[in-house]
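Participant: Provided below for reference: sequence and predicted model.
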Amino acid sequence: MNYRTQQKITRICWIVGLCALAIPFVFPFLWMLSGALKGQTDVFASSSLVPAKIHWSNFSEVFAYQPFARQYFNSLYIAIVVTIATLFISSMAGYALARLRFGGSAFILLVLVSALMMPEEVTIIPNFFLMKELGLMNSHMPLILLPLFGSQGVMATFLMRQYFLALPKELEEAGRMDGLSRFGVYFKIALPLSKPALSAVGIITFLFSWNLFLEPLVFVNDIELFTLPLALANFTDTYGLPLWHLQLAATALAVIPMLIVYVLAQRQIVESFAMSGVKG
Amino acid sequence: MSAVRKGPSLSLKTREAITGWLFVSPILTGFLIFFVGPLIAVFYYSTTEWNLLSQQSRFVGMANYVDALTRNETFWDVLVNSLVFAAGLVPLNMAMALGLALALSKSRPGAVFFRTVFFAPVITSAVAWAIIWTFLLQHESGAVNQGLSIFGIDGPNWLHEPDWAMVSVIFTRVLKTVGLNMILYIAALQSIPRDYEEAARLEGANGWEIFRRITWPLLAPTTLVIMVITVVGSLKVFDHIYLMTGGGPQNGTMVLAFYIYEQGFKFFNTGYAAALAVVLFALILMLTIVQMLLKASRK
């Protein structure tokens, strides 16, 4: 056996092995789609991946069962608000912690970093009473405030600080010479230079908010105010048993647009997560 | 910003300090209100008992902790379950992530495609992922058991037998999160200079020796970060449990994060749930400190 054939065999083994490993990653999405297109009775009756008859009506039933469009919109606008607010607040704080000298900055950094890993389950009970006190129960405010100021916002601040630290100072100093204020330097010079960090933090924050589940579960009661994850968990009949065909149709509606965006912006999304892990 | 513009009466240093505090004040204020405050409050709540009828709480000292440690058997089950979950998830997740990263870090044709596939569950919501897998793991007619029956295997009722339920939750959670660790490992592998491997090859080292003596030691800092992230992630698992098993059957998958939720928001045992949250806090704090010590000992 010569070197070329050996190489070829190794390559084939490599591909076959990876394909086998990919099965539990790919098939769930295919079965989701298949179940979404089957009727209530043949979701389980037929074991075929391809539906015998395609039930497009599942998708319209999803919208009839609960205000799904409204819930979709809720998730979208909350994620956008959280992302924009996080980008602004965290980059500003990150900039100060990287560039400005002021008493207490080292201490602030230490306190923030020590919160990086704290799960929201630790503080959810006092936050429940706090939101009640503030009259924010059954509203979207907790879903905006908690990611913004909890460990997610802290991580964004930390990532932005690390990025600003690595930027060359010269441009900012030139900006100061030209009479820009500190805020001007931050806003007009440092921010435009940190687009890679901003997009990474933006992507991670958006997905974090989009996928949030515990907070909506605790703080939101009205079906009109539900976010997508909460809505997906809510497709049950009167006995509390899942209505699989509807649940899978709704899941497909929630998942597929994200997958399309992911495939299109694959490189950028993956790099954002790589950056968060390397720096964190 | 008005303080900054007051002009020459303030020294440059003072002005910089004021600007610094102004810049951090939004996140700092929110952080104090929605994180530090609640963190302090959870310790207070853990010493009280909430009465549903009178809608009042009373001070009970350490009773909630004593309750958990001595009288409530579920608490020990929950701790054991959380440990089993972490002990099952972390090694499996990390070994798989490293294996995939080694297979996909070099730019072969197809590598990007497979990376995209293995990372896809990471951006998918945990709720969606758990719903789909609950569907696949149904007893009689689920796709997994139908697949096994092709090979003549009679699959168990995955989510309704305590041990298999735990296996199911661990496995689906690994599939959901392994892509992230894979990406972190790939980033680390790609930052190792090629010369090291080439020099070792010239010296006659084989693939395993190169991995053992060069790659693995150089990956150590990444391995540490990944381990801590993964252990913490396993302690906060909630969505999967809520949707796939509800902590059951017979508390077989009742882990700490889910137990806190159930006690706090289903049974309104606020004080007891707060004491559990303090236990979770202590576990995470311990992990954070261990990580810092390990990091410091490397330098």
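Facilitator: Thanks, I have it. Numbering: from 1, shown residues only, chains lettered A, B, ... in the order given.
Participant: all helices for the stretch 151-299 of chain B, in order.
Facilitator: In the stretch 151-299 of chain B, the helices defined using DSSP state H, counting those that start in this stretch lie at B:162-190, B:194-202, B:207-210, B:216-235, B:239-244, B:256-261, B:270-298.
Participant: Packing partners of the one helix or strand residue A:162 maps to?
Facilitator: Using DSSP states H and E, the element containing residue A:162 is helix A:151-166. With contacts defined as 3 or more Cβ pairs under 8 Å, 6 or more residues apart in numbering or on different chains; DSSP states H and E, helix A:151-166 has these neighbours: helix A:68-99, helix A:105-114, helix A:195-210, helix A:266-279, helix B:12-31. Yep, even glycine has a C-beta here, placed from its N, CA and C like the rest.
Participant: Quick check: buried residues in it?
Facilitator: For helix A:151-166, the neighbour count (16 or more other Cβ atoms under 10 Å in any protein chain shown) marks A:151-164 as buried.
Participant: Stretch B:146-163 too?
Facilitator: Neighbour-count burial for stretch B:146-163, counted by 16+ other Cβ under 10 Å, picks out B:146, B:155-156, B:158-161.
Participant: Output it as CSV, restricted to C-alpha atoms.
Facilitator: The C-alpha trace of stretch B:146-163 is given here as CSV (Å, rounded to 0.1, in the frame of the first residue of the first chain):
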residue,chain,number,x,y,z
GLN,B,146,-37.5,3.2,16.2
GLY,B,147,-33.9,3.7,15.1
LEU,B,148,-32.7,1.3,17.7
SER,B,149,-35.3,-1.3,16.7
ILE,B,150,-33.7,-1.5,13.3
PHE,B,151,-30.7,-3.1,15.1
GLY,B,152,-33.1,-5.3,17.2
ILE,B,153,-32.6,-3.2,20.3
ASP,B,154,-35.7,-2.6,22.5
GLY,B,155,-35.0,0.9,23.7
PRO,B,156,-36.0,2.0,27.2
ASN,B,157,-38.7,4.5,28.1
TRP,B,158,-36.0,7.2,28.2
LEU,B,159,-37.6,10.0,30.0
HIS,B,160,-39.7,7.9,32.4
GLU,B,161,-37.1,5.7,34.1
PRO,B,162,-35.0,7.6,36.6
ASP,B,163,-31.6,6.4,35.4
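Participant: do it and chain A meet at all?
Facilitator: Yes. Using Cβ under 8 Å from any Cβ of the partner chain, stretch B:146-163 reaches chain A at residue B:146.
Participant: Now do that stretch: everything it contacts.
Facilitator: Stretch B:146-163 is contacted from outside by A:47, B:134, B:137-139, B:142, B:144-145, B:164-165, B:167-168, B:244-245, B:248-250, B:252-253, using Cβ atoms under 8 Å, 6 or more residues apart in numbering or on different chains.
Participant: hmm, which of these are the buried ones?
Facilitator: With burial judged by 16+ other Cβ under 10 Å, the buried subset of those is B:134, B:137-138, B:142, B:144-145, B:164-165, B:168, B:244-245, B:249, B:252-253.
Participant: Chain B - how does it break down into domains?
Facilitator: When chain B is parsed with automatic domain parsing, its domains come out as B:4-45, B:73-298.
Participant: Among these, which comes closest to residue A:247?
Facilitator: domain B:73-298 (6.0 Å; Cβ to Cβ).
Participant: quick check: mean pLDDT across that closest one?
Facilitator: Average pLDDT, domain B:73-298: 91.
Participant: where does it sit relative to the chain's centre, distance-wise?
Facilitator: Here domain B:73-298 is found 8 Å from its chain centre; the criterion is Cα atoms, centre = their mean, to the nearest Å.
Participant: So what's the residue count around residue A:171?
Facilitator: By other Cβ atoms under 10 Å in any protein chain shown, 14 other residues sit near residue A:171.
Participant: That one reaches residue A:194, doesn't it?
Facilitator: No. Using Cβ atoms under 8 Å, residue A:171 makes no contact with residue A:194, being 11.8 Å away.
Participant: related to what we said a few turns ago, include distance to residue B:192 when you put the buried ones among the contacts of stretch B:146-163 into a markdown table, please.
Facilitator: Listed next are the buried ones among the contacts of stretch B:146-163 as a markdown table, based on distance: Cβ to Cβ, whole Å:
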| residue | distance to residue B:192 |
| --- | --- |
| B:134 | 40 |
| B:137 | 39 |
| B:138 | 45 |
| B:142 | 43 |
| B:144 | 38 |
| B:145 | 43 |
| B:164 | 40 |
| B:165 | 40 |
| B:168 | 36 |
| B:244 | 38 |
| B:245 | 41 |
| B:249 | 46 |
| B:252 | 42 |
| B:253 | 39 |
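Participant: now, which of those residues lie close to chain A?
Facilitator: B:134, B:138, B:142.
Participant: Okay, and which of these map to helices?
Facilitator: Per DSSP state H, helices hold the following members of those: residue B:134.
Participant: Now flag whichever of the ones next to chain A among the buried ones among the contacts of stretch B:146-163 is closest to residue B:71.
Facilitator: Of these, the one sitting nearest to residue B:71 (Cβ to Cβ) turns out to be residue B:134, at 33.8 Å.
Participant: Lovely, talk soon.
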